[in-house]
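K.L.:
Got a sequence here, can you build the structure:
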Amino acid sequence: MGHSANMGDTVVGVYYRPPDQDGEADEALYRQLKVALQSQALVLLGDFNHPDTCWEGYTARHVQSRKFLQCIDYNFLTQVVEEPTRRRVLLDLVLTNKEGLVEGTKVGGSLGCSDHQKIEFRIMGSMCKTTSRIETLDFRRANFDLFKNLLGEIPWVRALEGRGAQES
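P.N.:
Numbering: from 1, shown residues only. I've put the predicted structure just below:
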């Protein structure tokens with residue numbers, strides 16, 4: 001997973017994915033992520049090189065990018081960078097598995113001769129914020145169009161025929 005540093009209960013990792021990386025190397029990252037997420041808060045940042053990913057629609061053209069989105073979903077990760085980081089494309093990401101762990105994300109400027117924008121953010125320590133024990137679902141990434149289409153395919157009149165309001 002690249003380099004990582006432990007900050008109390010939070011693991012911070014840095015990752016670079018070459019643009020031509022094969023699916024086997026991607027799968028190795030996904031396995032490492034699964035292990036790392038079992039027992040700790042995680043902030044994983046770096047250049048993931050998935051330029052075909054549309055973060056607003058949560059879609060991607062290439063199979064490897066779609067598998068990456070699937071990995072993010074399966075591991076309940078949130079991607080917090082909202083602006084392009086290189087030539088109008090969002091390549092550099094900050095992923096986390098805890099709501100409120102990463103705050104104040106800003107994109108802009110560059111370091112040295114890099115053609116990527118730098119990303120600034122704060123990692124909130126446990127003393128700064130109380131942890132809620134209430135688990136909530138993040139519906140911002142839900143595919144409501146798909147949900148609507150699937151519900152639209154159900155013959156509701158026939159499915160609910162002969163049932164009262166309560167039973168329906």
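K.L.:
what are the ranges of the strands in the chain?
P.N.:
3-7, 10-16, 41-47, 53-54, 59-60, 78-79, 92-96, 102-107, 119-123 (DSSP state E).
K.L.:
Dump these into TSV; add distance to residue 35 and mean pLDDT as well.
P.N.:
The C-beta positions use only the backbone N, C-alpha and C, and glycine is treated the same way. Output for the strands of the chain, formatted as TSV (distance: least, C-beta to C-beta, whole Å; pLDDT from 0 to 100):
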stretch	distance to residue 35	mean pLDDT
strand 3-7	12	49
strand 10-16	11	89
strand 41-47	11	91
strand 53-54	24	89
strand 59-60	25	90
strand 78-79	19	92
strand 92-96	15	92
strand 102-107	21	89
strand 119-123	21	89
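K.L.:
Turn the ones you listed into JSON lines, columns for distance to residue 30 and mean neighbour count.
P.N.:
Formatted as JSON lines, the strands of the chain follow (distance: least, C-beta to C-beta, whole Å; neighbours: other C-beta atoms under 10 Å):
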{"stretch": "strand 3-7", "distance to residue 30": "16", "mean neighbour count": "11"}
{"stretch": "strand 10-16", "distance to residue 30": "12", "mean neighbour count": "17"}
{"stretch": "strand 41-47", "distance to residue 30": "12", "mean neighbour count": "21"}
{"stretch": "strand 53-54", "distance to residue 30": "16", "mean neighbour count": "18"}
{"stretch": "strand 59-60", "distance to residue 30": "15", "mean neighbour count": "16"}
{"stretch": "strand 78-79", "distance to residue 30": "15", "mean neighbour count": "17"}
{"stretch": "strand 92-96", "distance to residue 30": "12", "mean neighbour count": "21"}
{"stretch": "strand 102-107", "distance to residue 30": "21", "mean neighbour count": "14"}
{"stretch": "strand 119-123", "distance to residue 30": "23", "mean neighbour count": "15"}
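K.L.:
Looking at those strands, which is nearest to residue 85?
P.N.:
strand 92-96 (3.9 Å; C-beta to C-beta).
K.L.:
Looks like residue 108 contacts residue 118 (just checking).
P.N.:
Yes: checked against C-beta atoms under 8 Å, the pair residue 108 and residue 118 is within contact range at 7.1 Å.
K.L.:
and the two? which has more neighbours close in?
P.N.:
Of the pair residue 108 and residue 118, residue 118 is the one with more neighbours under other C-beta atoms under 10 Å, namely 14 against 10.
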